[in-house]
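Undergrad: how would this look folded up:
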Amino acid sequence: MMAIADYKQLLGDHGKDTKLNLSSLFNSVDTSGLTTDQFYGTALSLAYSLGDEELIQMIENETGDKVEDNVKQAAKLAATLMAMNNVYYRFLHLSSDKQFSKMPAGLRMNAMANPGVDKADFELFSLAVSALNGCGLCIDSHVKTLVQHDVTAQAIQTSIKLAAVLNAALTARKLS
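TA: Take a look at the predicted model:
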């Protein structure tokens, strides 16, 4: 079982700041502005989206029994749905031909209506993955929903910091 300390050893000297940021994030779960489910669900969603087996193993190991299976399933759902939505809606956002924005998407997203966790939790998972994937339309939509659910700016920021640091960790590992 790979722990954070083991994973950090894979990051090389060029990953020094990333190692510190990993430690800081995972040592401050209680002060992150996120609930335990939100923190680990977001981290899992990001790991699944990044698709690196060692990173997934490290996050799953760190998560352990801190969250129920429904959170783990919702994290997989967020990663899967955002893999589709972020490509489609990023295309709509970036295309100068706005005729596509007027067309129905025709993509099944029924699971978003009942993701198995609190709506705000699922939105945080989805926001972090959308930030990772660079979908501006999705980011705006998720932030708007989170604000409507009274999720704090600190919680939103922490979800994005998780995305940034886990992405940097994977990059540092690949370069080692």
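Undergrad: ramachandran angles for V87?
TA: As for V87, its main-chain torsions (degrees, to the nearest 10) stand at phi -70, psi -50.
Undergrad: distance check, it against A155.
TA: 26 Å (Cβ to Cβ, to the nearest Å). For every residue, glycine as well, the C-beta is placed using N, CA and C.
Undergrad: the two - which one has more neighbours?
TA: The neighbour count for V87 versus A155, taken as other Cβ atoms under 10 Å, is higher for A155 (19 against 11).
Undergrad: the more buried one against G33, yeah?
TA: Yes - A155 lies in contact with G33 (Cβ atoms under 8 Å); the separation is 3.9 Å.
Undergrad: pLDDT wise, what is A172 at?
TA: We have a pLDDT of 97 for A172.
Undergrad: residues touching it, list them.
TA: 11-12, 14-15, 18 (Cβ atoms under 8 Å, 6 or more residues apart in numbering).
Undergrad: tabulate the residues you listed (CSV), appending neighbour count and distance to M109.
TA: Below are the contacts of A172 laid out as CSV (neighbours: other Cβ atoms under 10 Å; distance: Cβ to Cβ, whole Å):
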residue, neighbour count, distance to M109
L11, 22, 36
G12, 13, 39
H14, 11, 39
G15, 21, 36
T18, 22, 33
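Undergrad: what is the mean pLDDT for stretch 40-54?
TA: Stretch 40-54 comes out with an average pLDDT of 97.
Undergrad: next, the buried residues of that stretch.
TA: By 16 or more other Cβ atoms under 10 Å, the buried positions in stretch 40-54 come out as 40-50, 52.
Undergrad: with just CA atoms, put it into PDB.
TA: The C-alpha trace of stretch 40-54 is given here as PDB (Å, rounded to 0.1, in the frame of the first residue of the first chain):
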ATOM      1  CA  TYR A  40     -11.400  12.800   0.200                       C
ATOM      2  CA  GLY A  41     -14.200  12.600  -2.400                       C
ATOM      3  CA  THR A  42     -12.600  15.500  -4.300                       C
ATOM      4  CA  ALA A  43      -9.100  14.000  -4.000                       C
ATOM      5  CA  LEU A  44     -10.400  10.600  -5.300                       C
ATOM      6  CA  SER A  45     -12.300  12.300  -8.200                       C
ATOM      7  CA  LEU A  46      -9.000  14.000  -9.200                       C
ATOM      8  CA  ALA A  47      -6.900  10.900  -8.900                       C
ATOM      9  CA  TYR A  48      -9.400   8.900 -11.000                       C
ATOM     10  CA  SER A  49      -9.400  11.700 -13.600                       C
ATOM     11  CA  LEU A  50      -5.600  11.900 -13.700                       C
ATOM     12  CA  GLY A  51      -5.600   8.100 -14.300                       C
ATOM     13  CA  ASP A  52      -2.300   7.200 -12.700                       C
ATOM     14  CA  GLU A  53      -2.400   3.900 -10.800                       C
ATOM     15  CA  GLU A  54       0.200   4.900  -8.200                       C
END
